[in-house]
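**Q** here is my input; please provide its structure:
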Amino acid sequence: MSRIELMASAAFGLEALVARELKNLGYEEVEVQNGRVIFIANEEGICRTNIWLRCADRIAIKMGEFTARSFEELFEQTKALPWEEWLPVDARFPVTGKSVRSQLYSVPDCQAIVKKAIVERLKDTYGVNWFEETGPLYAIQVAILKDVVTLTIDTSGKGLHKRGYRSLAGEAPLKETLAAAMVYLSYWKAERALLDPFCGTGTIPIEAAFIGQNRAPGLLREFSAQGWPSIPERYWIKAKEEAQDLWNRDMPLAVYGSDIDPNALRLARTHAAEAGLKDKIFFQKLPVKETRSRFRYGHIITNPPYGQRLGTQAEVENVYRELGEVFQQLGDWSLHMLTTHPKPEKFIERRWDKSRKLYNGRIECHYYQFFGPKPPKKEQISQGE
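**A** Residues are numbered from 1 along each chain as shown. Okay, the predicted model is just below:
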């Protein structure tokens, strides 16, 4: 198959970033929708996008989309789709579902009908009446929104935020996909310093280091579709060789993380070591008010505590004041912070330059950006005198 309709799911607010990533990978037929990006690729594209996308949640094959207001319509239109193009005779194909504001509101019934329709289609194809389902996994989802049914096959397996380096997690962890998005939105460049003074278990510094080295986030993990006979192993090998070749391991980085929680820092160091970044990221135990840097024109990118998650509101606001003081002292730096607070400028003591609604899990936040001055042209960003 040379043209496959694929779907990259994403958290609300990150769809445009995923579309940008896809275009940077060379996929031009891209359509941004709420919570997902539809794009056209081939089998190699399934491999490359799983390995390279930093901000997407999953990559799925979009098998079909249609309107259904009755179980009969759901069955017949599901059966009409070419499931045999992907599912071998021994495929394991569990069906999960969700339904929002639709006449077909019983999710268990919808799942059962979709499963039955696929079985009937495969019976006709393979000439058998019973499927053992002992082979590779093809996780199918039926999603119904306002009577529009979307049927997909997941290619990723574990969510793409599972990079493979965070075997342990601390309190209130930040998803890797959101951390990568925060770095992208800052327009940080690898030759400039980056600091997270509330680094917790290290997710933002680690994702920044991946971006700075042009390291594919999925390079060292496995995906469901790697076991599919319809995607030759050579495509996975080629995609991983490409990622290895483009990984700039020797790129010097000035990436720092600090926190007052020694347990979180212990996890941060462990995660950095698991990511192969032990000597590339520098962590230290430090209260935010003591933050300093010898670098110029750097970026603070951070997810400070929220009142409803960690600490009292009064404690949170005091920490924000300290962050504002540090930002003023750094002079020519930029600050990018994710928070639920509606008026962070009260503590930073200047109006934000840009604000973007993002979701940290189910919590609605805003990503506030306070831009510093641009460095002089032709000037290398180096440590201060």
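**Q** quick one: average pLDDT of stretch 133-153?
**A** Here stretch 133-153 scores 97 as its mean pLDDT.
**Q** C-alpha coordinates for it, CSV please?
**A** Taking C-alpha atoms only, stretch 133-153 is exported to CSV below (Å, rounded to 0.1, in the frame of the first residue of the first chain):
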residue,chain,number,x,y,z
GLU,A,133,-6.3,-15.0,18.0
THR,A,134,-2.8,-16.2,19.0
GLY,A,135,-0.8,-13.9,16.7
PRO,A,136,0.3,-10.3,16.7
LEU,A,137,-1.8,-7.6,18.4
TYR,A,138,-4.1,-5.3,16.5
ALA,A,139,-5.9,-3.1,19.0
ILE,A,140,-9.0,-1.7,17.4
GLN,A,141,-11.0,1.3,18.7
VAL,A,142,-14.5,2.4,17.8
ALA,A,143,-15.0,6.1,18.7
ILE,A,144,-18.4,7.6,18.1
LEU,A,145,-19.0,11.4,18.4
LYS,A,146,-22.3,12.9,17.4
ASP,A,147,-23.2,9.7,15.5
VAL,A,148,-20.0,9.7,13.5
VAL,A,149,-18.1,6.5,13.9
THR,A,150,-14.3,6.4,13.5
LEU,A,151,-12.6,3.0,13.4
THR,A,152,-8.9,2.7,13.9
ILE,A,153,-6.1,0.2,14.5
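**Q** now do the buried residues in it.
**A** Within stretch 133-153, the residues that count as buried by 16 or more other Cβ atoms under 10 Å are 135-144, 147, 149-153. C-beta: built from backbone N, CA, C; applies to glycine.
**Q** strands - which of the residues you listed land there?
**A** Ile140, Gln141, Val142, Ala143, Ile144, Val149, Thr150, Leu151, Thr152, Ile153 (DSSP state E).
**Q** so Gln111 makes contact with Val95?
**A** Yes. The criterion here is Cβ atoms under 8 Å, and Gln111 meets it with Val95 at 4.6 Å.
**Q** touching both of those two, which residues are there?
**A** With contacts taken as Cβ atoms under 8 Å, 6 or more residues apart in numbering, Gln111 and Val95 have Val142 as neighbours in common.
**Q** check Ala314 and give its pLDDT.
**A** With respect to pLDDT, Ala314 has a value of 80.
**Q** neighbours of it, how many?
**A** 9 (other Cβ atoms under 10 Å).
**Q** that one: which element?
**A** Take DSSP states H and E as the rule and Ala314 turns out to sit in helix 313-330.
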